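K.L.:
Below is the structure, and that's it, no one-letter string:
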């Protein structure tokens, strides 16, 4: 099942229109004087607009319900400490990532610190945005069920840990991998029963040693909610900036430590709340159903709340794997999808708030929703597209790229701090 990665519609014409002279000052709709001149030639301002008829990119709807702009992306008319947003308004900045700025030079350097000013702006080095992925693997008794030519436990382990083609060994130098195996023994303490390896780079050997090979290593129950809580705490201990992700692979619907059998609606609610709380703390949860025993309804809800979407959204963002290839493809799609060209904000962008944001790559403005610009791939994540992404993937790995993102104050809803 493919993940839907774009959550906001296209805004309209690109910022490539903003190339004419900025020589005079012209009113361009609304009572507020525009800094754009000649407005008509540059932005075709003055069209009627309202909530259902938005303005093109680079403009916003003025007080007189006509499209207008105060500035052009890349000019200096907004003054010190401000930049021109994608809607043609002068805005303050807000932090991208969680670690403050990385300095103004071509490589990593001293920064200004993050999160203490009202709306600080920041530059983020690509080297500091490596993702951290915790593999949360179901160790319950049903993982011995037939799965193709093997069983679920063996097939899942092969997809992750095969020395040649497994996702962990293949990407261990580009992703901080960790592992948590989870189950329970009829509610007996400790519950959940966990085997964990803290995430870090080059972690294949440690994960391989902690991940039992024989199917006889499976235990009994599926306390998914409590295990997500534990996995979230493990990820919150990672101080390196970059996306933090739980990839949950399970073959059944959840129970709880308090009521280990049978699975109940209350147990589903515990799991859903745990995924919601994880997202609120800045941790994504991606959901893989190993086999067909998990209902579409529960898997859809878990994937939605784990990625910051409304619980009731009908879009199926989970993955269902019914054979070894589908299982390997699911892990590959998830992990590769958060690598290289994705950068996590330190909070959630309000619906439609991306229009009042600006993203630059190495000092050059990128266009929102342009095939070679940027988009929000989730409410918390900026993704570079097309040639912007390729310039990072194909560039010199020893050279740091700089991503700068600025948003109007109030557009970002901060993650809640760890408990």
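P.N.:
On my side now, so go ahead. Note that the structure is a prediction, hence the values are computed from the model and not measured. Numbering: from 1, shown residues only.
K.L.:
any idea which helix or strand comes after the lowest-mean-pLDDT helix or strand in the chain?
P.N.:
Lowest on mean pLDDT, DSSP states H and E among the helices and strands of the chain sits strand 122-125, with a mean of 39. Using DSSP states H and E, the helix or strand that directly follows strand 122-125 along the chain is strand 132-138.
K.L.:
Just list what that next one packs against, helices and strands only.
P.N.:
Under the contact criterion of 3 or more CB pairs under 8 Å, 6 or more residues apart in numbering; DSSP states H and E, strand 132-138 touches helix 152-161, strand 176-183, strand 193-200, helix 224-236, strand 244-250. C-beta: built from backbone N, CA, C; applies to glycine.
K.L.:
I'd like the average pLDDT over the top helix by length along the chain.
P.N.:
What stands out as the longest helix in the chain, according to DSSP state H, is helix 265-280. Helix 265-280 shows a mean pLDDT of 95.
K.L.:
cool, stretch 310-326 as well?
P.N.:
92.
K.L.:
Use 888 as the first number from now on
P.N.:
All set: I'll call the first residue 888, so the last point we hit is now stretch 1197-1213.
K.L.:
buried set for that stretch?
P.N.:
1200, 1203, 1204, 1205, 1206, 1207, 1208, 1211, 1213 (16 or more other CB atoms under 10 Å).
K.L.:
Nearest spatial neighbour of the fifth one, chain-adjacent residues omitted?
P.N.:
Counting by CB to CB, 6 or more residues apart in numbering, the nearest residue to residue 1206 once its immediate chain neighbours are dropped is residue 1217, at 3.8 Å.
K.L.:
now the helix or strand where the one you found lies against strand 1131-1137, angle please.
P.N.:
Following DSSP H and E, one finds residue 1217 within helix 1211-1224. In terms of direction (axes from the mean of the first three to the mean of the last three CA atoms, to 10 degrees), helix 1211-1224 departs from strand 1131-1137 by 170 degrees.
K.L.:
What residues sit buried inside helix 1211-1224?
P.N.:
Here helix 1211-1224 shows 1211, 1213, 1214, 1215, 1217, 1218, 1221, 1222, 1224 as buried, counting by 16+ other CB under 10 Å.
K.L.:
And the second one, how far from residue 975?
P.N.:
This points to residue 1213. Separation of residue 1213 from residue 975 (CB to CB, to the nearest Å): 46 Å.
K.L.:
same thing with the last one?
P.N.:
Going from residue 1224 to residue 975 by CB to CB gives 32 Å.
K.L.:
Now do the helices in this structure.
P.N.:
So, for the chain - with DSSP H - the helices run 926-930, 1039-1048, 1054-1058, 1091-1097, 1111-1123, 1152-1167, 1183-1193, 1211-1224, 1273-1280.
K.L.:
sorry, back to before: tell me which of the buried residues of stretch 1197-1213 fall in strands.
P.N.:
Members of the buried residues of stretch 1197-1213 lying in strands (criterion: DSSP state E): 1206, 1207, 1208.
K.L.:
ok, those residues vs residue 1149, which is closest?
P.N.:
residue 1207 (22.2 Å; CB to CB).
K.L.:
Give the bridge partners for that closest one, please.
P.N.:
According to DSSP bridges, the partner residues bridging residue 1207 are residue 1176.
K.L.:
That one touches residue 1180, doesn't it?
P.N.:
No. Using CB atoms under 8 Å, residue 1207 is not in contact with residue 1180, being 10.3 Å away.
K.L.:
any common contacting residues for these two?
P.N.:
With contacts taken as CB atoms under 8 Å, 6 or more residues apart in numbering, residue 1207 and residue 1180 have no neighbour in common.
K.L.:
what number of residues lie near the closest residue to residue 1253 other than its chain neighbours?
P.N.:
Leaving aside its chain neighbours, residue 1253 sits nearest to residue 1260 (4.3 Å; criterion: CB to CB, 6+ apart). Residue 1260 sits with 24 neighbouring residues when counted by other CB atoms under 10 Å.
K.L.:
quick one: residue 1260 from residue 1155, how far?
P.N.:
The value you get for residue 1260 to residue 1155, if CB to CB is used, is 39 Å.
K.L.:
what do you get for residue 1134?
P.N.:
19 Å.
K.L.:
For these two, indicate the residue with more neighbours.
P.N.:
Higher neighbour count among residue 1134 and residue 1155: residue 1134, with 24 against 21, using other CB under 10 Å.
K.L.:
which residue packs closest to the more buried one, ignoring adjacent ones?
P.N.:
Nearest non-adjacent residue to residue 1134 (CB to CB, 6+ apart): residue 1173, at 5.0 Å.
K.L.:
Quick check, pLDDT for the one you found.
P.N.:
At residue 1173, the model reports a pLDDT of 96.
K.L.:
Residue 912 too?
P.N.:
For residue 912, pLDDT reads 34.
K.L.:
Same question for residue 1283.
P.N.:
Per-residue confidence (pLDDT) for residue 1283: 50.
K.L.:
for residue 1291, same thing?
P.N.:
79.
K.L.:
how many neighbours does residue 1036 have?
P.N.:
The burial count for residue 1036: 9, using other CB under 10 Å.
K.L.:
now it: how far from residue 976?
P.N.:
60 Å.
K.L.:
thought the residue nearest to residue 1134 was touching residue 1190?
P.N.:
Yes. Residue 1173 is in contact with residue 1190 according to CB under 8 Å; the separation is 6.9 Å.
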